[in-house]
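# here is my input, please return the structure:
(4 chains)
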Number of protein chains: 2
Amino acid sequence: MSIKVCIADDHPMVINGLLNMLSIYSQIDVLATYANGEELQQGLLSIEPDVLLLDIQMPGLAGDELAPILLKSYPLMKIVTLTNFDNALYVNAMLQHGVQGYLLKTTDPETLKNAIEIVAQGGKFTDPAIADKVQQLHTMKKEIGFSPLTLREKDILQLVVNGATTKEIASALHLSFYTVENYRAKILLKLDVKNMAELTKKALILGLVK
Amino acid sequence: MSIKVCIADDHPMVINGLLNMLSIYSQIDVLATYANGEELQQGLLSIEPDVLLLDIQMPGLAGDELAPILLKSYPLMKIVTLTNFDNALYVNAMLQHGVQGYLLKTTDPETLKNAIEIVAQGGKFTDPAIADKVQQLHTMKKEIGFSPLTLREKDILQLVVNGATTKEIASALHLSFYTVENYRAKILLKLDVKNMAELTKKALILGLVK
DNA sequence: CAAAAAAAGACTGTTTTCCGCCTTTTTACT
DNA sequence: AGTAAAAAGGCGGAAAACAGTCTTTTTTTG
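Next up is the predicted model:
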């Protein structure tokens, strides 16, 4: 029994490469390819694959916004996301969205095939090249999980990451300068960082802000 | 007379895609493919192509650092850079480095073929999808003196993102406090951000740091 | 070689952040 | 009703960042 696969990627080159790499595996059938999120959604109405290879970064609706929507409409379909990013920034966001597989575009044919097969059988697959990074992320999260940020703290954090100064945040949120200073201090403490640059990095990696 | 081409890209998928797309053009011969900068440099010792398709972002020596080095050693070889980035920052940097062509990985076979042929004949080629952006940049650059980061600036940037203070960076790189302060100011100016938090965010998103 | 660009160093203000340590009010819970 | 947690406000001092202007040295390049 062959595995039915669809591909959504805005790069003709990547689609070409995937088709070529998968062509040698008779047990995997690529039914359709799409160049963007709209085409994909249209196509899924008539063709529902077992596994969808989905690019994270596409024009219009990006994969990381698309995945949760698709999973709601097609709960039986498995999604394997594709990305260039090995920087763990987006890995975290996707794993939270219930995606079953995560592959880098640097992957080889063998790994690609394995990922599709494992996911089709109901398993989960993370690219070996980032597996350790994901692990690091999980332990990092557990460490700070004991003192999660409050909603208010997240508000301030978002503004800090956008480059706002204490004074600006205070006037934006109608708070006093001193109150905002206290929040900033508390956030630094909770995330165990020493300044706004390090805080910004950690917040982005952990997916605490956009 | 056929055009001799080599490809350097760390993505097997992209290489596969390029090979497939170029296979239909008999006038273009792909002689070799390489997965990183070291392999490429090794390979060029024995095989010198007319045109090199070079990925900008590769592990180790990145394309934007590699290009000027290669052009010095092989002045007759033409380089066409490949990137996902429609980020005008690096387009400009590459063109300044004497690269003859600039293609996005979203390109189609026809455009790819044209780019190779034009460059092989001594012309220059910029992906139509970013041509207008480059133009905008050139006028913008004249107005505000905008230019990409130097290697040294990247060093400082990396440390800033890691949360280092000016004093710490100074002692780490054996520079004076004032020198480091100057670099920071220049980086803020170049990336058009106003503080280290915003800088960190932009640097991470643009992939300027790890 | 001369000119340009990059790298390094220097100084002075001003603003912002960072570090304590503290009080009051509101909200949530059980 | 009691208390724990969150939200808000407050202050002073030290450290760091930010803004502006400037000089010297080295490297690159036409």
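# number of nearby residues for the residue in chain A that DNA strand D sits nearest to?
Nearest to DNA strand D in chain A, going by CB to the nearest atom of the strand, is A:Thr150, at a distance of 3.0 Å. (Glycine included, C-beta is placed from N, CA and C.) By the criterion of other CB atoms under 10 Å in any protein chain shown, A:Thr150 has 13 neighbours.
# and A:Pro128, by the same measure?
Applying other CB under 10 Å, we find 12 residues neighbouring A:Pro128.
# measure it to DNA strand C for me?
According to CB to the nearest atom of the strand, to the nearest Å, A:Pro128 and DNA strand C sit 36 Å apart.
# wait, that residue touches A:Thr111, no?
Yes. Using CB atoms under 8 Å as the test, A:Pro128 is close enough to A:Thr111 to be in contact (7.0 Å).
# list the residues that are in contact with both of the two.
Both A:Pro128 and A:Thr111 lack any common contact, where contact means CB atoms under 8 Å, 6 or more residues apart in numbering or on different chains.
# sorry, back to before: got phi/psi on the residue of chain A closest to DNA strand D?
Per-residue torsions, A:Thr150: phi -80, psi 170 (degrees, to the nearest 10).
# list the contacts for it?
Per CB under 8 Å, 6+ apart, neighbours of A:Thr150: none.
# tell me which element the closest residue to A:Pro109 other than its chain neighbours is part of?
Closest residue in space to A:Pro109, ignoring its immediate chain neighbours: A:Met21 at 4.2 Å, by CB to CB, 6 or more residues apart in numbering or on different chains. The secondary structure element spanning A:Met21 is helix A:12-22 (assigned by DSSP states H and E).
# what comes up buried for the next helix or strand after that helix?
Remark: after helix A:12-22, the chain's next helix or strand is strand A:28-34, criterion DSSP H and E. By neighbour count with 16 or more other CB atoms under 10 Å in any protein chain shown, strand A:28-34 contains the buried residues A:Ile28, A:Val30, A:Ala32, A:Thr33, A:Tyr34.
# Provide a list of residues in contact with the last one.
Taking CB under 8 Å, 6+ apart, we find A:Tyr34 in contact with A:Cys6, A:Ile7, A:Ala8, A:Asp9, A:Leu40, A:Gly43.
# hmm, 6 Å instead?
Going by CB atoms under 6 Å, 6 or more residues apart in numbering or on different chains, A:Tyr34 touches A:Ala8, A:Leu40, A:Gly43.
# next, the buried residues of stretch A:36-47.
A:Asn36, A:Gly37, A:Glu39, A:Leu40, A:Gln41, A:Gly43, A:Leu44.
# closest one to chain B out of these, please.
Nearest to chain B among those, counting by CB to the nearest CB, is A:Asn36 at 10.8 Å.
# tell me what A:Thr83 is bridged to.
Applying DSSP bridges to A:Thr83 gives these bridge partners: A:Leu104.
# quick check, it in contact with A:Met58.
No. Assessed by CB atoms under 6 Å, A:Thr83 is found out of contact with A:Met58, at 10.8 Å.
# DNA strand D contacts on chain A?
A:Thr150, A:Leu151, A:Arg152, A:Glu153, A:Leu173, A:Leu175, A:Ser176, A:Tyr178, A:Thr179, A:Glu181, A:Asn182, A:Asn195 (CB under 7 Å from any atom of the strand).
# what ranges do the strands span in chain A?
A:3-8, A:28-34, A:51-55, A:78-83, A:101-104, A:125-126 (DSSP state E).
# and the third one, which strands flank it?
Sheet pairing here is set by DSSP bridges, and for strand A:51-55 it gives strand A:3-8 (parallel), strand A:78-83 (parallel).
# quickly compare the strands of chain A and say which is most buried.
Highest mean neighbour count among those (mean count of other CB atoms under 10 Å in any protein chain shown): strand A:51-55, with a mean of 26.
# now the angle between strand A:28-34 and that one, please.
With axes from the mean of the first three to the mean of the last three CA atoms, to 10 degrees applied, the angle from strand A:51-55 to strand A:28-34 works out at 40 degrees.
# any idea how far strand A:51-55 is from the chain center?
13 Å (CA atoms, centre = their mean, to the nearest Å).
# want to throw the strands paired with strand A:51-55 into CSV with mean pLDDT?
Converted to CSV, the strands paired with strand A:51-55 look like this (pLDDT from 0 to 100):
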stretch, mean pLDDT
strand A:3-8, 94
strand A:78-83, 86
